[in-house]
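# Show me the folded form of this:
(one chain, ligands or ions: 2)
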Amino acid sequence: MSRTEFLQQFVLKVASRCDLGCDYCYVYRMADHSFATQPRFMSAGTIERTADRIAEHVTAHRLDRVEVAFHGGEPLLAGPDYFVAAARTIRDRLPGTRVDLLVQTHGGLLDESMLTALADHRITVGVSLDGGPDHHDRHRRRRDGGGTHEQTARGLALLTGDRFRPIFGGLLCVIDLANNPVEVYEALVRHRPPEIDFLLPHGNWSRPPPGRSGDSAAPYGAWLCAAFDRWYDASPPETTVRLFDDVIRLCLGRSARGEQIGLSPASFVVIDTDGALQQVDTLKSVRPGAAGTGLHVSADSMDDVLEHPGLRARRGGVAALCATCRECSVVRICGGGSYVHRWSSTGGFANPSVYCPDLQDFIGHVVRRVSNDLGPAR
Ligand code: SF4
Ligand code: SF4
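Ligands and ions are numbered 1, 2, ... in the order given. Predicted coordinates for the structure are as follows:
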């Protein structure tokens with residue numbers, strides 16, 4: 001294994017359940033329902049074994065920095081004391097290594113005691129927010145069907161106040177074609193997030209995302225272009241948008257930070273609530289068991305995960321893509337899009353992204369705008 005082959009992000013599914021019932025949730029509403037057999041919360045013992053595995057990996061690859069993200073379900077259901085103990089366990093086992101801890105939440109459980117615990121232990125908070133009340137409540141609903149914007153906005157108001165703003169990590173927004181892109185961007189940026197990320201809704205060739213019919217129309221490309229222009233033209237700049245930033249970085253020959261686009265090798269692993277080591281969690285949108293590796297923190301190392309064929313496929317660069325992508329003029333920027341969006345029940349992952357026309361249009365638009373601004377220097 002070469003020196004550059006290592007993992008830097010570790011996603012801990014600390015809670016397998018959620019108190020909401022969002023209709024696009026890949027954990028509960030798509031192909032894989034393994035959450036039902038998982039423990040409700042990751043045990044203290046599993047967190048210890050996971051931290052030992054991360055420490056082993058850090059030592060083997062002489063890493064000076066790792067990121068550990070607490071995900072769910074809804075991770076904050078575990079309560080403030082859980083995060084205090086988890087942060088101590090992980091940092092105690094990694095002395096001399098910078099450990100960035102973060103939690104991704106729906107925000108409705110952020111209160112004074114939770115935020116105090118997270119702030120005291122330098123745990124950054126990312127919140128899922130799909131825009132203003134009408135945008136957000138279209139999909140992000142309680143189990144009784146009621147909207148959740150109000151409770152998320154209450155949590156966000158506390159998080160973005162003077163006291164807790166230093167641990168505000170940013171906003172995650174799933175795109176809905178029914179929502180106006182400029183209005184959505186403006187509803188998000190009102191909270192002055194350090195970063196926004198727009199996510200394409202999960203889908204694939206066998207289960208197309210809403211509004212993608214398999215033809216050459218590019219509705220998501222148009223949505224992204226409009227949001228990009230609103231963001232790019234803001235003066236002074238208002239925030240970072242990870243997907244937009246990544247496309248610009250790739251245009252300029254640098255690498256992407258996210259996994260939605262580009263050819264950066266997969267650098268993270270998911271540890272399920274029972275300690276099973278998994279590939280990217282969103283593979284649960286594809287078919288039952290698709291995210292599994294058969295490995296477990298009690299028996300297997302992080303280097304073992306890197307040898308898994310699924311991880312290797314996501315670290316193979318252009319050569320690992322299908323023939324259509326390999327010959328595509330924007331492959332160095334697009335990278336075939338997100339791995340999970342390439343799936344079809346007949347061809348597996350050897351396809352372009354189900355969002356191919358959208359990605360082509362959006363990347364072409366960004367290339368034109370950036371090229372115009374660079375002028376003769378480009
Ligand atoms: S808050 Fe997240 S985990 Fe919970 S139902 Fe919604 S998308 Fe799924
Ligand atoms: S998904 Fe489409 S745009 Fe992206 S590299 Fe493949 S062929 Fe090109």
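
# how about stretch 236-248: buried residues?
By neighbour count on 16 or more other CB atoms under 10 Å, the buried set for stretch 236-248 is 238-239, 241-248. In this view, the C-beta of every residue, glycine as well, is placed from N, C-alpha and C.

# Between the two ends of that stretch, how far is it?
The first residue of stretch 236-248 is 18 Å away from its last residue (CA to CA, to the nearest Å).

# Does that stretch reach ligand 2?
No - judged by CB under 6 Å from any ligand atom, stretch 236-248 and ligand 2 are separated, with a smallest distance of 11.7 Å.

# got the residues of this structure near ligand 2?
324-325, 328, 330-331, 334, 336-337, 352-353, 356, 359-360.

# on that earlier part again, which of the buried residues of stretch 236-248 lies closest to L171?
Closest to L171 out of these is T239 (8.9 Å), distances taken as CB to CB.

# Quick check, pLDDT for that closest one.
According to the prediction, T239 has pLDDT 98.

# Hmm, it is touching I196, no?
Yes - using CB atoms under 8 Å, T239 is in contact with I196, at 5.8 Å.

# Tell me the pLDDT of V184.
Predicted confidence (pLDDT) for V184: 98.

# Can I take it that it is in a helix?
Yes - residue state for V184 (DSSP: H, G, I helix; E, B strand; the rest coil) corresponds to a helix.

# Tell me if I'm right that it and C173 touch.
Yes - judged on CB under 8 Å, V184 makes contact with C173 at a distance of 6.6 Å.

# Pull up the overlap in contacts between those two.
130-131 (CB atoms under 8 Å, 6 or more residues apart in numbering).

# picking that back up, give me the subset of the buried residues of stretch 236-248 lying in strands.
V241 (DSSP state E).

# which one among the buried residues of stretch 236-248 gets closest to ligand 2?
Distance to ligand 2, by CB to the nearest ligand atom, is smallest for V247 among the buried residues of stretch 236-248, at 11.7 Å.

# contacting residues around that closest one?
Applying CB under 8 Å, 6+ apart, the residues near V247 are 256, 261, 333, 362-363, 366.

# if we go to 7 Å?
Going by CB atoms under 7 Å, 6 or more residues apart in numbering, V247 touches 261, 333, 363, 366.

# Tell me the one among the residues you listed nearest to S216.
Looking across the contacts of V247 and measuring by CB to CB, the closest to S216 is I363, at 15.2 Å.

# For the closest one, what are phi and psi?
Here is the backbone geometry of I363 (degrees, to the nearest 10): phi -60, psi -40.

# thinking it is in contact with V331, fair?
No - counting by CB atoms under 7 Å, I363 does not reach V331; the two are 10.1 Å apart.

# neighbour-wise, which of those two wins?
I363 (21 against 17; other CB atoms under 10 Å).

# List the residues that contact the more buried one.
I363 touches 247, 330, 333-334, counting by CB under 7 Å, 6+ apart.

# which one of those has the most neighbours?
Going by other CB under 10 Å, V247 tops the contacts of I363 with 27 neighbours.

# and it, what pLDDT?
Looking at V247, the pLDDT reads 96.

# ok, now how distant is it from ligand 1?
25 Å (CB to the nearest ligand atom, to the nearest Å).

# how near is R29 to H341?
Distance of R29 to H341, computed by CB to CB, to the nearest Å: 17 Å.

# Apologies, that question was intended for V68.
Counting by CB to CB - V68 and H341 are separated by 26 Å.

# Those two: which has the busier surroundings?
H341 (27 against 24).

# Just flag the most distant two among the contacts of I363.
V247 and V330 (9.8 Å).

# Where does the stretch 51-200 of the chain get nearest to ligand 1, which residue?
For the stretch 51-200 of the chain, CB to the nearest ligand atom, closest residue to ligand 1: H106, 3.9 Å.

# Wait, that residue touches L129, no?
No - counting by CB under 7 Å, H106 stays clear of L129, with 8.7 Å between them.

# neighbour-wise, which of the two wins?
L129 (28 against 24).

# Can you tell me the closest non-neighbouring residue to that one?
L171 (4.9 Å; CB to CB, 6 or more residues apart in numbering).

# Same check on C25?
C18 is the one closest to C25 (CB to CB, 6+ apart), at 7.5 Å.

# Which helix or which strand is home to the one you found?
Under the criterion DSSP states H and E, no helix or strand holds C18.

# which sections of the stretch 1-150 of the chain are below the confidence cut-off?
1-4 (pLDDT under 70).

# Going along the chain, name the strands of it.
9-13, 65-71, 98-105, 123-128 (DSSP state E, counting those that start in this stretch).

# List just the one of the ones you listed that sits closest to S216.
strand 123-128 (31.3 Å).

# tell me which strands and helices that closest one is in contact with?
Packing partners of strand 123-128 (3 or more CB pairs under 7 Å, 6 or more residues apart in numbering; DSSP states H and E): strand 98-105, helix 149-159, strand 168-174.

# can you pull out the strands in the stretch 151-300 of the chain?
Using DSSP E, counting those that start in this stretch, strands in the stretch 151-300 of the chain cover 168-174, 195-199, 240-241, 268-271, 276-278, 292-296.

# where along the chain do the helices fall?
Per DSSP state H, the chain carries helices over the ranges 44-61, 80-92, 112-120, 133-137, 149-159, 181-189, 219-232, 242-251, 302-306, 309-313, 323-326, 331-334, 356-374.

# got a list of contacts for stretch 263-273?
By CB under 7 Å, 6+ apart, stretch 263-273 touches 7-13, 16, 38-39, 41-42, 50, 255-256, 259, 277-278, 280-281, 291, 297, 302, 305, 311, 314-315, 317-318, 332, 335.

# And the buried ones among those residues, selectable in PyMOL?
Burial among the contacts of stretch 263-273 is assessed by 16+ other CB under 10 Å; the matching PyMOL selection reads:
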select buried, resi 7+9+10+11+12+13+16+38+41+42+50+256+259+277+278+280+281+291+297+302+305+311+314+315+335
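
# Kind regards, and thank you for your time.
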